[in-house]
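[1] coords please:
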Amino acid sequence: MAREMAFGRRDPFAYFECSGCGCVQIAKVPDNLADYYPQEYFAFRPQHRLARSRIRAMVDGPRYRAATGEKSMLGALANRVAKPLDYVQWAQTAGLDRSAHVLDVGCGAGKLLVRMKHAGFRECTGVDPFIDNTVHYHNGVTVHRTSVSDFASTRTEPFNLIMLHHALEHMPDQRSVMHSVRRLLSPGGCVLIRIPVAGSYAWRTYRENWVT
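    Okay, the predicted model is just below:
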């Protein structure tokens, strides 16, 4: 049993650990799930300034090329001093290049997508039912205020990479979510799912007191 602590509600919830993969998730998703994603939630901060950044637009493409083994003096220099681009490994593992169409499910305001678009990925789209409004960014990224199931019912073009970063464990009907993801995935495409596991440093160190 653990309590919601991020916003001080202190509502108690039962959690369980999967015996197969070690994932920790809530036993019963509350009907009023939107109450736990208020507009001040950190992932909902608009990324318009980042989307308009000329520096990121100029540097992130060369950084990506350098990280994937292409020659780029600017990218190599920037990679020496900047935090590594995490999505480089994801794309390489999936066997994708920057012509890929990318969907991020439960992405909040879409910060990761804005970064990937700056790096040169062809299409970067997000869905999140809890953001205030659909967001259209200056660099071409769109984050739709909708569920992945509703989005799958209208989308006709597939995606080469579909990502769920610490989102699946919050969703009440995971089987339906994965069916929708399958409908949206291109043949040979890849799904990236990141979830919290009980063997992580945060769990070993803080247990249920992850926010104090």
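
[2] from here on, contacts and neighbour counts on C-alpha atoms
    OK.

[3] what's the neighbour count on D31?
    Using other C-alpha atoms under 10 Å, D31 has 8 other residues around it.

[4] residue contacts, it?
    For D31, the contact set (C-alpha atoms under 8 Å, 6 or more residues apart in numbering) is empty.

[5] quick check: phi and psi on it?
    Here is the backbone geometry of D31 (degrees, to the nearest 10): phi -60, psi -30.

[6] quick one: it from K83, how far?
    Noted for D31: a distance of 39 Å to K83, by C-alpha to C-alpha, to the nearest Å.

[7] what about the nearest residue to A78 once chain neighbours are set aside, how many neighbours?
    Leaving aside its chain neighbours, A78 sits nearest to R63 (6.5 Å; criterion: C-alpha to C-alpha, 6 or more residues apart in numbering). R63 is flanked by 27 other residues according to other C-alpha under 10 Å.

[8] just checking, R63 touches G75?
    Yes: R63 lies in contact with G75 (C-alpha atoms under 8 Å); the separation is 3.8 Å.

[9] picking that back up, so what pLDDT did the residue nearest to A78 get?
    R63 is assigned a pLDDT of 97 by the prediction.

[10] residue contacts, it?
    S72, L74, G75, A76, A78, N79, A119.

[11] distance of it from L103?
    22 Å.

[12] what does the host helix or strand of M116 rub up against?
    Here M116, judged by DSSP states H and E, is contained in helix 111-119. Contact partners of helix 111-119, identified using C-alpha under 8 Å, 6+ apart, comprise 47, 50-51, 56-64, 87, 104, 123-126, 137, 139-141.

[13] helix or strand next in line after the helix of greatest length in the chain, which one?
    Ranked by number of residues, the top helix in the chain under DSSP state H is helix 54-67. Toward the C-terminus, helix 54-67 is succeeded by helix 73-81 as the next helix or strand (DSSP H and E).

[14] counting contacts, what elements does that following helix pack onto?
    When contacts are defined as 3 or more C-alpha pairs under 8 Å, 6 or more residues apart in numbering; DSSP states H and E, helix 73-81 sits against helix 54-67.

[15] report the buried residues of the helix it packs on.
    Buried residues in helix 54-67, counting neighbours by 16 or more other C-alpha atoms under 10 Å, are found at R56, A57, V59, D60, G61, P62, R63, Y64, R65, A66, A67.

[16] kindly report the same for stretch 150-157.
    F151, A152.

[17] got the end-to-end distance for it?
    14 Å.

[18] now do it, average pLDDT.
    Computed over stretch 150-157, the average pLDDT equals 96.

[19] so how far is that stretch off the chain centroid?
    Chain-centre distance of stretch 150-157: 19 Å, with C-alpha atoms, centre = their mean, to the nearest Å.

[20] and stretch 143-156, by the same measure?
    Centre to centre, stretch against its chain (C-alpha atoms, centre = their mean), the figure for stretch 143-156 is 15 Å.

[21] repeat that for stretch 168-175.
    15 Å.

[22] which residues sit against it?
    In contact with stretch 168-175 (C-alpha under 8 Å, 6+ apart) are residues V24, Q25, I26, K28, V29, V177, I193, I195.
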